[in-house]
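Asker: Structural data only, the sequence is not supplied:
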Ligand SMILES: [Zn+2]
């Protein structure tokens, strides 16, 4: 049995200020520079 690793699952972050979402863990939102909140993982986006 192999461990169930789903490579399609990505980390997701949402901006507190503008609500923009990104899957890249950077210092801030690439649109407004706001703080990012970690939403967890999603395979639907
Ligand atoms: Zn933003």
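Answerer: Cool, got the structure. In this text, all values refer to a predicted model and were calculated from it rather than measured experimentally.

Asker: from here on, contacts and neighbour counts on C-alpha atoms
Answerer: Noted.

Asker: The residue nearest the centre of the chain: what's it in contact with?
Answerer: The chain has residue 12 as the residue nearest its centroid, 1.5 Å off, counting by CA atoms, centre = their mean. Taking CA atoms under 8 Å, 6 or more residues apart in numbering, we find residue 12 in contact with 21-24, 38-42.

Asker: Nearest to the ion among those residues?
Answerer: Among the contacts of residue 12, residue 21 lies closest to the ion (CA to the ion), at 8.0 Å.

Asker: Pull the number of nearby residues for residue 36.
Answerer: 23 (other CA atoms under 10 Å).

Asker: That one contacts residue 13, correct?
Answerer: Yes: counting by CA atoms under 8 Å, residue 13 is a contact partner of residue 36 at 5.9 Å.

Asker: The nearest residue to residue 38 once chain neighbours are set aside is in what secondary structure piece?
Answerer: In space, residue 38 comes closest to residue 13 once its chain neighbours are excluded; the distance is 4.5 Å by CA to CA, 6 or more residues apart in numbering. Secondary structure from DSSP states H and E places residue 13 in strand 10-15.

Asker: Before I go, just wanted to say thanks for your time.
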